[in-house]
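Q: mind looking at a prediction? Sequence and model below.
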Amino acid sequence: MDRSPTAAASGIEAFIRDLPKVELHVHLEGSMRPATLIELAARHRVEGIPGTPEEIRDWYEFRDFPHFIDVYLASVAALRDEEDFALLTADVAATLAAQNVRYAELHVSLYGHLMRGIPARVVFDGIEHARREAEREHGIRLRWIPDFPGDYGVEAGAETLEAVLRDGPDSVIGFGVGGIEVSRAPFADLFGRARAAGLHSLPHAGENGGAERVREALDLLRAERIGHGIDSLQDDRLVARLRDDRIPVDVSPTSNLRTRAVEAIGEHPLPRMMEAGLLVTLNSDDPPMFGTDLLNEYRTAHTLGLGTAELAELARNGVAASYLEESAKRELIGEIDACPAPM
């Protein structure tokens, strides 16, 4: 049997490739391929967007998190009509399916479109058309989490929620808040309304705003999952609460590196979060913008010291933390358990 480093590397690569996966923290708009962004920007004559893939890659070198948000909002401006949203969704679905992602819950930056005068119905009609096609063509199942940037205030959140309640399809399963990480306290009533309407509370918290943002998300927004949450490790009592209450934490290592939430990938707290017993899921966040994808996040987790057992645990955690029906969860976890690890 070949036990050379090359064979071991190819073995782990095959394991990561073949492992059935879900993705729970990935942004639809942040998943736009550079070629698609360039095509749409040219079609709609959008200024300020680079015109070549090389220039796009340079544009995606982020100084800090606010700079990333500026670039993100600039790229969103290339999405104008139903066909644009359908094209984006079809691209994203095919890319996910090629990584053996079976199910994904995607954040949709709905307020970023509403603020530009794009009706919610245009957004939903486009992404729903492509979602149905993707399920037929690739077998991947997609669900939506509309969100708004917290730094735009309660009014932005209220406009977003009203649009979701008025026009959102049944495939909308949650409501979120992202953007620059301001206090979550002002959004307590808003998330109460969302929960009363049957939407799951899925906010970003603890990406770069400290452990207090995670506590606010839990206490005031009744968060069912925490988006990012790496700052939770600043507070031992919070870590114990997340562990004991089995609150999932959706972690995206490369994203945290590229937005300077961590200084070096070797410093990422993913292994410590798993050692602490947290229900951690692995995700890609805004993959083309960060030069990654979900396969690469599993490779990164492996370079951080996680073996095949831990990688399979991350995959099972994603299934457990998802809003798939229980029968589908059992089936998918069975496939994960049956995925052969390299010898």
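A: Structure's in. What do you need?

Q: need the next SSE after the one helix or strand residue 17 maps to, C-terminal direction.
A: Per DSSP states H and E: residue 17 is located in helix 5-18. Using DSSP H and E, the helix or strand that follows helix 5-18 in sequence is strand 21-27.

Q: remind me what that next one packs against, helices and strands.
A: strand 101-108, strand 249-251, strand 280-282, helix 294-303, helix 308-321 (3 or more CB pairs under 8 Å, 6 or more residues apart in numbering; DSSP states H and E). Placement of C-beta: from N, CA and C, glycine included.

Q: rerun at 6 Å
A: strand 101-108, helix 308-321 (3 or more CB pairs under 6 Å, 6 or more residues apart in numbering; DSSP states H and E).

Q: tell me the secondary structure for residue 223?
A: Under the three-state scheme (DSSP: H, G, I helix; E, B strand; the rest coil), residue 223 adopts coil.

Q: for it, give me its contacts.
A: 201, 203, 217 (CB atoms under 6 Å, 6 or more residues apart in numbering).

Q: leaving out sequence neighbours, find the closest residue to residue 104.
A: Spatial nearest neighbour of residue 104, chain neighbours left out: residue 23 (4.3 Å); criterion: CB to CB, 6 or more residues apart in numbering.

Q: was I right about that neighbour contacting residue 101?
A: Yes: under the criterion of CB atoms under 6 Å, residue 23 makes contact with residue 101 at 5.3 Å.

Q: neighbour count for these two, which is higher?
A: Taking neighbours as other CB atoms under 10 Å, residue 23 and residue 101 compare with residue 23 leading, 29 against 24.

Q: dump the residue contacts of the more buried one.
A: 101, 104, 283, 294.

Q: only whichever of the residues you listed are buried, select them in PyMOL.
A: Here is the PyMOL command that picks out the buried ones among those, judged by 16 or more other CB atoms under 10 Å:
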select buried, resi 101+104+283+294
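
Q: and the spatially closest residue to residue 258 that is not a sequence neighbour, how many neighbours?
A: Excluding the flanking residues, the one nearest residue 258 by CB to CB, 6+ apart is residue 290, at 4.4 Å. Applying other CB under 10 Å, we find 23 residues neighbouring residue 290.
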